[in-house]
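*Asks:* got a predicted structure plus its sequence, pasted below:
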Amino acid sequence: MSKLFHKDKPIIGLDISATSIKIMSVDINKWAVKGYGSIEVDPTKMKNSIVDSDGQFLAEQIKDLIQNKIQGTFSSNHVAMSIPTSLTYSRSITVSNNIESSIEDSVKLEASQYIPIPVSQLYIDYEVTSRDEKTTTALMCAVPKKIVDNCIRAAAESGLKVILVEPGMLSVSRLLHYTESGELPTVIVDIGSASTDVAIVDGTLKVTGGLPVGGNTLTRDISESMNVTVEKARQLKVLSGLSAGPNQRQIVAALEPDLNKIVSEIKKIIRYYNERLANSKAIEQVVIVGGGSNVPGIGDYLTDKLMIASRVASPWQMLNFGRLPKPDRRLAPRYLTVAGVSCVKPKEIWK
């Protein structure tokens, strides 16, 4: 099929995460949501389906999502897909313009040294992020071929045609560029259910990192520390959180060890950005996203720890759901990634 045929098809977003699958269609000319939906999945079965097996469980879940969990309608089966950032490898490299080898050779060499998987088993891409008289800096992204192939195969079995695959963090950064002063040098902290991804965006994605601490981890911290049920702990987390109140001291004490791990990861990423990337700028803001970001007071907490203005992203004023029922306020953050990938413009794919 020709590129023109593909270009004429609307693009919808499909987000594959460790604990859920989301789909969304957005008219980016009007920022109007035409359809969306999500489905929770078993994390163990999901990881096995994507990483180790043939993607069959993922295919079954996508079918269930499309058939039973959709609000609104979709006018295309062409999807841009985001996959968990934790399953990808991203790294910025800077090479001298005097080096005779091409940027492609430098990217492959960096991949062979940095990634514990043979280059032959990886899909590798890169984007030049800056260039001056002496050096060229590029963001390299690599992902095991089996993961991408399994995800594409699962989507195809569900009647979808994948035209783009990208790390979830890139999808998030695209949405925040439009809605959250994304032109500023920014740290994005994406707190998922099982893990937290951290990235720096300065015009484009510069560097990423992450750790296995997520929203479920924080809930478990409260449950164990305060000796309450998981459901009660979840209520305390999303209703009281770190804000002033009768439970503040106990909740802060319960969450602080794992929150400090997130703070340490953010500082490590900032340090790498400042020391390793040419022409790095001062970070001006921290934007918190993800399903695990619904902890009242977490923005103030990170502001105090990092001495950088931090806040939870709120892009929904830009997205118009029209007559569609809006996602529950507490669940809305989980749709940020799929909203970002659904807003990809054709010129980003076919250059």
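*Replies:* That came through fine. Numbering: from 1, shown residues only.

*Asks:* hey, let's count contacts and neighbours off CA atoms from now on
*Replies:* OK.

*Asks:* distance of residue 222 relative to residue 147?
*Replies:* Between residue 222 and residue 147 the computed distance is 34 Å (CA to CA, to the nearest Å).

*Asks:* actually, residue 39.
*Replies:* Taken as CA to CA, the span from residue 39 to residue 147 is 20 Å.

*Asks:* next one: residue 54
*Replies:* Taken as CA to CA, the span from residue 54 to residue 147 is 9 Å.

*Asks:* and those two? Which one has more around it.
*Replies:* Between residue 54 and residue 147, counting by other CA atoms under 10 Å, residue 147 is the more crowded of the two (23 against 18).

*Asks:* how about the strands in the stretch 151-300 of the chain?
*Replies:* Secondary structure of the stretch 151-300 of the chain (DSSP state E, counting those that start in this stretch): strands at 161-167, 186-191, 196-202, 204-211, 285-289.

*Asks:* the shortest one vs strand 196-202, what angle?
*Replies:* Between the axes of strand 285-289 and strand 196-202, defined by axes from the mean of the first three to the mean of the last three CA atoms, to 10 degrees, the angle is 140 degrees.

*Asks:* just checking: what are the partner strands of strand 285-289?
*Replies:* Using DSSP bridges, the strands paired with strand 285-289 are strand 186-191 (parallel), strand 310-312 (parallel).

*Asks:* tell me the SS of residue 94?
*Replies:* strand (DSSP: H, G, I helix; E, B strand; the rest coil).

*Asks:* so what's it closest to, chain neighbours aside?
*Replies:* residue 137 (4.2 Å; CA to CA, 6 or more residues apart in numbering).

*Asks:* quickly find the element holding the one you found.
*Replies:* Assessed by DSSP states H and E, residue 137 sits inside strand 135-144.

*Asks:* check residue 12 too.
*Replies:* strand 11-16.

*Asks:* residues contacting that strand, please?
*Replies:* Contacts to strand 11-16, defined as CA atoms under 8 Å, 6 or more residues apart in numbering, come from residues 21-26, 74, 76-84, 168, 337-344.

*Asks:* now intersect those residues with the helices, please.
*Replies:* 168, 337-342 (DSSP state H).

*Asks:* what about burial for these, which qualify?
*Replies:* 168, 337-342 (16 or more other CA atoms under 10 Å).

*Asks:* determine the set of other helices and strands touching whichever helix in the chain runs longest.
*Replies:* For the chain, the longest helix by residue count, based on DSSP H, is helix 248-276. With contacts defined as 3 or more CA pairs under 8 Å, 6 or more residues apart in numbering; DSSP states H and E, helix 248-276 has these neighbours: strand 196-202, strand 204-211, helix 215-226, helix 298-306.

*Asks:* lowest average pLDDT across the ones you listed?
*Replies:* Ranked by mean pLDDT, the helices and strands packed on helix 248-276 bottom out at strand 204-211, with a mean of 86.

*Asks:* no further queries at this time; thank you.
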